[in-house]
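1. Here is my input; please provide its structure:
(2 chains)
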Amino acid sequence: GENVEQHPSTLSVQEGDSAVIKCTYSDSASNYFPWYKQELGKRPQLIIDIRSNVGEKKDQRIAVTLNKTAKHFSLHITETQPEDSAVYFCAAANTGNQFYFGTGTSLTVIP
Amino acid sequence: GAVVSQHPSWVICKSGTSVKIECRSLDFQATTMFWYRQFPKQSLMLMATSNEGSKATYEQGVEKDKFLINHASLTLSTLTVTSAHPEDSSFYICSAWGRGENEQYFGPGTRLTVT
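-> Just a heads-up that it's a prediction; the model follows:
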């Protein structure tokens, strides 16, 4: 099955700085890579996603890059704000829509 | 966006009893529903995938006789934790994927505590 690794597990940045979270996956059949933000005790919320036919996607302060050859993808958050503090999960999914999540990154933005 | 509900939001039960958790898609037809469990400060672990009208597909290591999943309609899936034990205490989250949808939608989760 798919194996998704995520780094770092914790990340602290100063407000206004950028944050980068990286994930790798093992199954070349995976073709959909979403990123979720989860606040304590709440459901994951999709923040951005990318499909395997695209190398990069941006939505305001958030961007995701995908390198299919190397099987890795990254989340970039620019101009971080305290409300960006949460746990972020990457995931990889295949055509069967089975989602496999990374281990999560706890992001803290220091005011 | 699409809405997925779960019931109950939290439940406390005694060891040895069974608990049923419901997952409903409120405004779309969910052709596929997923069940996850999440331990504190850990990731979501996919337990099983269920398609309407067919048997659920369980991930390796998940006991199908312990975690009974039923997806009887396009808007409802249930997870029954049978003979619950304290180690089953966790946060259980469902998600749903519907026709024409481009993403899966998560329910709010159910916190199960087995005493």
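
2. Every contact and neighbour count from this point should use C-alpha atoms.
-> Noted.

3. Tell me if the helix or strand of chain A with the lowest mean pLDDT is near chain B.
-> When the helices and strands of chain A are scored by mean pLDDT, DSSP states H and E, strand A:99-101 comes last with a mean of 89. Yes: residues of strand A:99-101 contacting chain B under CA under 8 Å from any CA of the partner chain: A:99, A:100, A:101.

4. how about whichever helix or strand comes after that strand: buried residues?
-> The C-terminal neighbour of strand A:99-101 among helices and strands, as given by DSSP states H and E, is strand A:105-110. The neighbour-count check on strand A:105-110 (16 or more other CA atoms under 10 Å in any protein chain shown) flags A:105, A:106, A:107, A:108, A:109 as buried.

5. coming back round to it: most neighbours among the residues of strand A:99-101 next to chain B, which one is it?
-> Sorting the residues of strand A:99-101 next to chain B by how many neighbours each has (other CA atoms under 10 Å in any protein chain shown) puts residue A:101 first, at 26 neighbours.

6. low-scoring pLDDT stretches of chain B, where are they?
-> B:1, B:100-101 (pLDDT under 70).

7. now with 50?
-> Applying pLDDT under 50 to chain B flags no residue at all.

8. Strands of that one, residue ranges please.
-> Applying DSSP state E to chain B gives strands spanning B:4-7, B:10-13, B:19-25, B:30-38, B:44-51, B:57-58, B:67-73, B:76-81, B:90-98, B:105-106, B:110-114.

9. and residue A:59, which of those is closest to it?
-> When those are compared by CA to CA, strand B:105-106 sits nearest residue A:59, at 19.6 Å.
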